[in-house]
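*Asks:* need a structure here:
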Amino acid sequence: MNIQAFTLGPFATNCYLVWPDGDEAAFLIDCAGEAERILDQARDVGVDIKTIVNTHGHADHMEDLAALKRDTSALVAIHALDAPMLSDAMLSGAAIFGYPQPHLTADILLSEGESVTLPGSDLALTVLHTPGHTPGSICLLGEGVLFTGDCLFAGGIGRVDLPGGDEHAMMHSLARLSRLDPELVVYPGHGLATTIGREVATNPWLTGL
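*Replies:* Predicted coordinates for the structure are as follows:
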């Protein structure tokens with residue numbers, strides 16, 4: 001599995017281009033600003049973005065989603081509980097933080113335990129429903145890697161004080177993540193990559209779980 005990370009937009013949002021060896025199809029996990037930069041990098045490594053998977057529906061994670069879908073015809077996937085955020089500027093926070101609202105309908109509605117499969121490829125990511133930051137926040141589990149969106153960061157966690165946030169649900173989600181393989185490399189929605197083991201040992205939100 002190949003992973004190309006981008007840190008984009010005013011909130012320094014991480015987006016990830018993910019593709020298997022020897023294949024031209026790729027996932028894009030989250031889609032902040034600078035769509036042309038993402039497209040240029042995809043062209044440079046010789047892949048086509050076939051599916052855009054949203055870890056949740058906040059505006060900083062889908063700032064250029066409409067542009068990327070238009071330019072690539074990629075399928076848009078999001079958890080069913082966050083799907084309304086694709087077309088509602090208040091739910092997504094676009095109206096609050098001054099982001100553009102994509103006004104899209106999801107092509108794929110995700111749920112717990114499903115595999116998101118890359119068209120024409122055997123690469124698949126497993127959906128872990130990890131609410132707390134938003135009702136439909138998800139993490140994506142691959143071989144040796146976990147994309148955590150705004151659930152878990154290196155040394156921190158996602159905020160729970162925005163519309164749809166739930167502190168109790170967040171702690172339940174974090175407890176679940178803390179039981180995963182400690183060697184899993186964590187690719188978060190903001191900040192640096194880490195591992196589950198490092199966060200269980202040092203992250204104050206996980207050490208007591």
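
*Asks:* Per-residue pLDDT of the nearest residue to residue 93 once chain neighbours are set aside, please?
*Replies:* Distance criterion CB to CB, 6 or more residues apart in numbering; nearest residue to residue 93, sequence neighbours excluded, is residue 59 at 4.8 Å. (Glycine included, C-beta is placed from N, CA and C.) You'll see residue 59 listed with a pLDDT of 92.

*Asks:* Also residue 98?
*Replies:* pLDDT at residue 98 comes out at 86.

*Asks:* Could you do residue 21 as well?
*Replies:* pLDDT, read off for residue 21, is 88.

*Asks:* Same check on residue 12?
*Replies:* 94.

*Asks:* I'd like the distance between it and residue 33.
*Replies:* 11 Å (CB to CB, to the nearest Å).

*Asks:* With residue 80 instead?
*Replies:* The value you get for residue 80 to residue 33, if CB to CB is used, is 26 Å.

*Asks:* okay, those two: which has more neighbours?
*Replies:* Using other CB atoms under 10 Å, the more surrounded residue of residue 80 and residue 33 is residue 33, with 20 against 14.

*Asks:* all strands for this protein, in order.
*Replies:* Counting by DSSP state E, the chain has strands at residues 2-8, 13-19, 25-29, 48-53, 75-79, 108-110, 115-117, 124-129, 138-142, 145-149, 152-153, 156-157, 185-188, 194-195.

*Asks:* To residue 169, which of those lies closest?
*Replies:* Taking CB to CB, strand 124-129 is the member of those nearest to residue 169, at 9.9 Å.

*Asks:* returning to what we had before: identify the residues contacting the residue nearest to residue 93.
*Replies:* Going by CB atoms under 8 Å, 6 or more residues apart in numbering, residue 59 touches 89, 92, 93, 94, 97, 99, 100, 101.
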